[in-house]
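A.B. asks: the following block contains a protein sequence and its predicted model.
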Amino acid sequence: MIKVGIIGSGNWALALTKILTNVKIVVKARRLEGLKKKFGNDNKEISLTTNFTDLNDCKFLFLASPSQTVRGNLKKIPKKINSKFVICCKGVEKGSNKLMHQVLKELFPKNGFAILSGPNFAAEVIKGLPTASVLSSKSNKILDEVSSVISSKKFRTYFNNDIVGTQIGGAMKNVIAIASGVIIGSNLGHNAGAAIITRGLSEIIDLGTQMGAKKSTFYGLSGIGDLTLTCSSLKSRNTKLGYLLAKGKSKTNQLFEGLESCESICKLGDKFSLELPICNAVKRILNGYDINKIVTSLLSRPLQFEK
């Protein structure tokens, strides 16, 4: 039986254990307290560890930890490991402004990899509710291999070869979701919410295509699909963050990938001479600027043709 490793112990890691089939699963966590009950309610063969060496003989390693911890975790994995990686987190690394596959290739240049992304609330995957996702890789062989161990009838995977577009869609939608939360929390209405999603998609397309992505990717599950889901529900942490900020409440200790990636995304926009007005507005909000003034500033931008 194939052995598969999952790095991370949050809800997305738990969701992965629900959709992986006919494999031995090793969950690598920072600590084990309380995890035996969380991961032990299935009939599947699941073991827990805090030791990276227990991942040595895994065919696949699913990276399900927050994006800003990926580099640190990769540095602890034995360098001679032959595993193929599946990147499941959505973000851009602070400082380097690199996508997750770029961080991975810096440390494991010879290992194959795929990206798993799309409109997936972990809680619904855990419940076994119908879900569609995207598996992206330059290698069709890797797509076939990874999809062979994700065979849940309620979790359908589609393929593409656009690893940049798949990741940009996943990372930027978290920032746009914060803006959507601000709209909801400020009681600005459904019209404004639809405008943020639509114009947010335009920003995603602008940056993604400048970075070499295919425009068509953003009209799929990892683009408009993920964006719509995340921006339309307060179940999304990032949308909830924007909502709380609009209500004058401070940020909680929860993980917000949009908060962590926002500045790096804006810097990538600067690199490619792109304005990205919504993303930059979110950056200013996160830095403490007055929300009402920022919303007014967005609405006062010069008129232009829609693109």
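C.D. replies: That came through, no problem. A quick note: this is a predicted structure, and the numbers were derived from the prediction, not measured.
A.B. asks: contacts for the lowest-mean-pLDDT helix or strand in the chain, please.
C.D. replies: Lowest by mean pLDDT, DSSP states H and E among the helices and strands of the chain is helix 291-299, with a mean of 85. Residues outside helix 291-299 that contact it (Cβ atoms under 8 Å, 6 or more residues apart in numbering) are 182, 186, 188, 245-246, 277-278, 281, 284-285. No exception for glycine: its C-beta is placed from N, CA and C like everyone else's.
A.B. asks: tell me the secondary structure for the residue positioned nearest the centre of the chain?
C.D. replies: By Cα atoms, centre = their mean, the mean C-alpha position of the chain lies nearest to Lys90, the distance being 2.1 Å. Following DSSP: H, G, I helix; E, B strand; the rest coil, the label given to Lys90 is coil.
A.B. asks: show me where the stretch 51-200 of the chain has strands.
C.D. replies: For the stretch 51-200 of the chain, the strands defined by DSSP state E, counting those that start in this stretch cover 60-63, 84-87, 113-117, 131-136, 155-160.
A.B. asks: a markdown table for those, including distance to Glu203, mean pLDDT and mean neighbour count?
C.D. replies: What follows is the strands of the stretch 51-200 of the chain, written out as a markdown table (distance: least, Cβ to Cβ, whole Å; pLDDT from 0 to 100; neighbours: other Cβ atoms under 10 Å):
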| stretch | distance to Glu203 | mean pLDDT | mean neighbour count |
| --- | --- | --- | --- |
| strand 60-63 | 26 | 98 | 26 |
| strand 84-87 | 22 | 98 | 25 |
| strand 113-117 | 18 | 98 | 27 |
| strand 131-136 | 20 | 97 | 22 |
| strand 155-160 | 21 | 96 | 18 |
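A.B. asks: kindly reformat these as a markdown table containing distance to Ile6.
C.D. replies: Converted to a markdown table, the strands of the stretch 51-200 of the chain look like this (distance: least, Cβ to Cβ, whole Å):
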| stretch | distance to Ile6 |
| --- | --- |
| strand 60-63 | 5 |
| strand 84-87 | 9 |
| strand 113-117 | 12 |
| strand 131-136 | 16 |
| strand 155-160 | 15 |
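A.B. asks: out of these, which comes closest to Gln254?
C.D. replies: Among those, the nearest to Gln254 by Cβ to Cβ is strand 60-63 (20.0 Å).
A.B. asks: what comes into contact with that closest one?
C.D. replies: The contact list for strand 60-63 (Cβ under 8 Å, 6+ apart) reads 2, 4-8, 13, 16, 55, 70, 73, 77, 81, 83-89, 100, 104, 116, 145-146, 149.
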